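>>> Any chance you can model this:
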Amino acid sequence: MPTPSPLFSPIKVANRWLSNRLVGLPVYTGYAHPGGWVSTFLTDHYTRLARSGVAMVVVANTAVSEKGILSAFNLRIDQDAYIDGLAKLAKAIQANGALACLQINHAGRFAKTEKPLIPAAFNQSHLAFNIASLKDFMNFFPLEKRFGLTRRFLKSVSHWKHSMTAADRERTITEFGLAASRAYQAGFDMIEIHGAGGICCASFYRLLHTMQGRIWMKVYATDRSSHCKWSGKSNATCRMNFLSDIDLF
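Below is the predicted model of the structure:
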């Protein structure tokens, strides 16, 4: 007899059981209300994904800071006021048979702000990485939208002149920790830290970005408390190492 495919068998992650190995992946929709509030349209979208038979649905691109959004229609979790709406979203997903996961993010250099965050100031050594990041980012949008986004990218380069300060890093770490705590309070089963596409976190673990130290990030989010810590010794390159200390279960 053929061996049953593991694709449709349960799997345990921490203390949560996924009914199969299928996951509704996070794709930015822009369905949030202006200001980052959960909308009915957004809830319906993720409810349909949960009904599709996947074991888990990942809600995409929820900003940990007002200055870390990609657009005005970006979900946000940088204030306690967002918890109630996100809680209703999590319950809607769970009520339709899937675990609810929240992807938290800071858009970094792509953020809709005059002072975007970037680990190291832009220079020629970053060019190949920036072109690759732009290509990956564009793949999420229809062809007719990509020309405007390319113009925005080129305009953004003029703002990439300053590296993040130590205070910027500490503030951003705190924002991620608080966001994780709020996700727990909202009832999400787990979180995902966005680490792709050249946004804030992705920028840190690229070897081409140089800073004064190797950076380690620990995020603890248990109940209503959260703690984040940076540490490390001097190193020519900078990577962000996410340790498996995120406990939302």
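>>> now the helices: where do they sit in this protein?
Secondary structure of the chain (DSSP state H): helices located at 40-51, 83-95, 127-138, 143-157, 166-185, 200-204.
>>> Restrict the first one to CA atoms and write it as PDB.
Okay, so that is helix 40-51. Taking Å, rounded to 0.1, in the frame of the first residue of the first chain, the C-alpha atoms of helix 40-51 are listed here in PDB:
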ATOM      1  CA  THR A  40     -15.100  43.700   7.600                       C
ATOM      2  CA  PHE A  41     -13.600  43.100   4.200                       C
ATOM      3  CA  LEU A  42     -10.300  42.100   5.700                       C
ATOM      4  CA  THR A  43     -12.100  39.800   8.200                       C
ATOM      5  CA  ASP A  44     -14.100  38.200   5.500                       C
ATOM      6  CA  HIS A  45     -10.900  37.600   3.500                       C
ATOM      7  CA  TYR A  46      -9.200  35.700   6.300                       C
ATOM      8  CA  THR A  47     -12.400  33.900   7.200                       C
ATOM      9  CA  ARG A  48     -12.600  32.500   3.700                       C
ATOM     10  CA  LEU A  49      -9.000  31.400   3.900                       C
ATOM     11  CA  ALA A  50      -9.700  29.600   7.200                       C
ATOM     12  CA  ARG A  51     -12.700  27.800   5.600                       C
END
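>>> Buried residues of it, list them for me.
Buried residues in helix 40-51, counting neighbours by 16 or more other CB atoms under 10 Å, are found at L42, T43, H45, Y46, T47, L49, A50. For every residue, glycine as well, the C-beta is placed using N, CA and C.
>>> again with the fifth one
Along helix 166-185, these residues count as buried under the neighbour rule (16+ other CB under 10 Å): 169, 172-173, 175-185.
>>> now the buried residues of helix 40-51 in JSON lines, with pLDDT and distance to R151?
Listed next are the buried residues of helix 40-51 as JSON lines, based on pLDDT from 0 to 100; distance: CB to CB, whole Å:
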{"residue": "L42", "pLDDT": "96", "distance to R151": "28"}
{"residue": "T43", "pLDDT": "97", "distance to R151": "33"}
{"residue": "H45", "pLDDT": "97", "distance to R151": "29"}
{"residue": "Y46", "pLDDT": "97", "distance to R151": "31"}
{"residue": "T47", "pLDDT": "97", "distance to R151": "36"}
{"residue": "L49", "pLDDT": "96", "distance to R151": "32"}
{"residue": "A50", "pLDDT": "97", "distance to R151": "37"}
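>>> Going by distance to G68, which of the residues you listed wins?
L42 (18.6 Å; CB to CB).
>>> I'd like to know how far that closest one sits from L102.
13 Å (CB to CB, to the nearest Å).
>>> what does stretch 4-19 contact?
With CB atoms under 8 Å, 6 or more residues apart in numbering as the test, stretch 4-19 has contacts from N20, R21, L22, A55, M56, G97, L99, D189, M190, D247, F249.
>>> can you tell me the distance between the two ends of it?
From its first residue to its last, stretch 4-19 covers 15 Å (CA to CA, to the nearest Å).
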